[in-house]
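**Q** mind folding the following:
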Amino acid sequence: MRKEASLELWHELYDVTLNLRALEPWNYFWDSDIVAIELAEGEEPVFCSIMGRGGVCCGISVYEGFRGLEDFDMLAASDKDGFSPEYAMSDQNCLTCYFGDREEVSREQKEIIKNLGLKFRGRGNWIYFESFKKRYSPYLPDEREVMVLLETFKNLFMSVRAVREDRIHINWDNGEMMYRRYNKEREEWNTFAVPRPITKRTYPEYKLSDEIQKGRLRKKPKINCELSMDFVYMNGAIHDEAYDRPVNPLLLVIMDEISDYIIHMEPIKPEENLAEKALQFFCTFTEQNGRAKAVRYRNPWIAAALKETCQYFGTKLTKSSLGTMDKMIQMMREQM
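**A** This next block holds a predicted model:
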């Protein structure tokens, strides 16, 4: 059940963030320079990325735990791993503070700013916060998330100041990150350099367990059809009473590469498993039409879902950029 943060809690977060902004942390960190902080209640640290040194978008993203760091690394390596940029941006869990423009701020956030008596003027000077969650649209942080941001930013302020005042040296280029934690024995905070952990998302392979079904589908005739399969976020917001925040529509999209037609689009609910949905479609398609000659993909969940089954069916499974599908999806977004 969602619980909104009190105005007093928002006031404290804005005070800390204003102090942090005054240090201009983007002048001392690249977005790949990670600051890890142990919070009082967390079993794993939070990982902070400071954006803006390249002069495009100033902000601070906070990723909770090592799963969160996996999301950051997935976003940073999206081109190499095959994700589309839109998918990588939408399929992450993080809390982000932006230093942006008035038109970027949500109505709910503007109301909080107004009630706090804060006044921001000029481009790049509006402070606002967004909570990113897989399968959902960016939304106003709730009470727990505001508390995480507050504790994180209090410690990040001290970390940035240590770098700014040249009191600590981190060899970022050699795989180090900054780490901050509280020493209970000495009753003091320590900040030091540690090797940056290497993380990578895993995609467990799925197998069709029904041997009778497998045998029946394998006997289906091969057809002159090459499928492209992908999961696509539509970057919208659907309000559904079943969920406590707006859903970002996610679709399983199938294209016939030979005809250049999209032959199937299926919405994915936030609680549904991507690999299971991909495998379910593939088996249904094979049952109704026959065995496709080839399947092209770029999302690793497709490969995890179909690798074993495609091999069994004699269907070629190939990683691809899916450029034609991108053009058609972009046309769909423009019409929404």
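**Q** pick out the residue closest to the middle of this protein.
**A** residue 92 (1.6 Å; Cα atoms, centre = their mean).
**Q** quick one: residues contacting that one.
**A** Each residue near residue 92 by Cβ atoms under 8 Å, 6 or more residues apart in numbering is listed here: 63, 71, 72, 74, 75, 132, 134. All C-beta spots, glycine's among them, are computed from the backbone N, C-alpha and C.
**Q** so what's the last one closest to, chain neighbours aside?
**A** What it means is residue 134. residue 91 (5.2 Å; Cβ to Cβ, 6 or more residues apart in numbering).
**Q** need the strands for the stretch 151-300 of the chain, in chain order.
**A** Remark: strands assigned in the stretch 151-300 of the chain by DSSP state E, counting those that start in this stretch are 176-183, 188-195, 222-233, 250-256, 261-268, 291-297.
**Q** now distance to residue 247 and pLDDT too, for the contacts of residue 92, in a markdown table please.
**A** As requested, the contacts of residue 92 are exported to a markdown table (distance: Cβ to Cβ, whole Å; pLDDT from 0 to 100):
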| residue | distance to residue 247 | pLDDT |
| --- | --- | --- |
| 63 | 22 | 98 |
| 71 | 19 | 93 |
| 72 | 23 | 94 |
| 74 | 21 | 88 |
| 75 | 21 | 85 |
| 132 | 13 | 97 |
| 134 | 11 | 96 |
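**Q** any quick ChimeraX command for the buried ones out of those residues?
**A** Entered in ChimeraX, the line below selects the buried ones among the contacts of residue 92, by 16 or more other Cβ atoms under 10 Å:
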select :63,71,72,74,75,132
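**Q** okay, now the unreliable bits of the stretch 201-336 of the chain?
**A** Per-residue confidence for the stretch 201-336 of the chain (pLDDT under 70) gives these ranges: 336.
**Q** hmm, back to that, turn the strands of the stretch 151-300 of the chain into a markdown table, including mean neighbour count.
**A** Shown next, in a markdown table, are the strands of the stretch 151-300 of the chain (neighbours: other Cβ atoms under 10 Å):
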| stretch | mean neighbour count |
| --- | --- |
| strand 176-183 | 18 |
| strand 188-195 | 13 |
| strand 222-233 | 20 |
| strand 250-256 | 21 |
| strand 261-268 | 14 |
| strand 291-297 | 21 |
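**Q** okay if I get these as TSV plus distance to residue 11?
**A** Output for the strands of the stretch 151-300 of the chain, formatted as TSV (distance: least, Cβ to Cβ, whole Å):
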stretch	distance to residue 11
strand 176-183	24
strand 188-195	24
strand 222-233	34
strand 250-256	36
strand 261-268	39
strand 291-297	48
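**Q** residues near the nearest residue to residue 27 once chain neighbours are set aside, how many?
**A** Closest residue in space to residue 27, ignoring its immediate chain neighbours: residue 53 at 6.9 Å, by Cβ to Cβ, 6+ apart. Look at residue 53: counted by other Cβ atoms under 10 Å, it has 16 neighbours.
**Q** for residue 53, what are its contacts?
**A** Applying Cβ under 8 Å, 6+ apart, we find residue 53 in contact with 26, 27, 29, 30, 31.
**Q** of those, which pair is most distant in space?
**A** 27 and 31 (12.9 Å; Cβ to Cβ).
**Q** so between these two, which is more surrounded?
**A** Under the criterion of other Cβ under 10 Å, the comparison of residue 27 against residue 31 puts residue 31 first, with 19 against 12.
**Q** which non-adjacent residue is nearest that one?
**A** Closest to residue 31 by Cβ to Cβ, 6+ apart is residue 51, at 4.6 Å.
**Q** and residue 326, by the same measure?
**A** Closest residue to residue 326 apart from its sequence neighbours, by Cβ to Cβ, 6+ apart: residue 84 at 6.9 Å.
**Q** how about that neighbour, what does it touch?
**A** Listed by Cβ under 8 Å, 6+ apart, the contact set of residue 84 reads 78, 230, 232, 298, 322, 326.
**Q** elements contacting the strand or helix carrying residue 129?
**A** Secondary structure assignment for residue 129, by DSSP states H and E: strand 126-132. With contacts taken as 3 or more Cβ pairs under 8 Å, 6 or more residues apart in numbering; DSSP states H and E, strand 126-132 sits against helix 7-22, strand 94-100, helix 107-115, helix 143-164.
**Q** from the chain's centroid, how far away is stretch 302-320?
**A** Its chain's average C-alpha position is 26 Å from that of stretch 302-320, according to Cα atoms, centre = their mean, to the nearest Å.
**Q** revised request: answer the last question for stretch 35-52.
**A** 16 Å.
**Q** any buried residues in that stretch, and which?
**A** Neighbour counts over stretch 35-52 (16+ other Cβ under 10 Å) mark 35-39, 45-52 as buried.
**Q** can you measure across it, start residue to end residue?
**A** Stretch 35-52 has an end-to-end distance of 15 Å (criterion: Cα to Cα, to the nearest Å).
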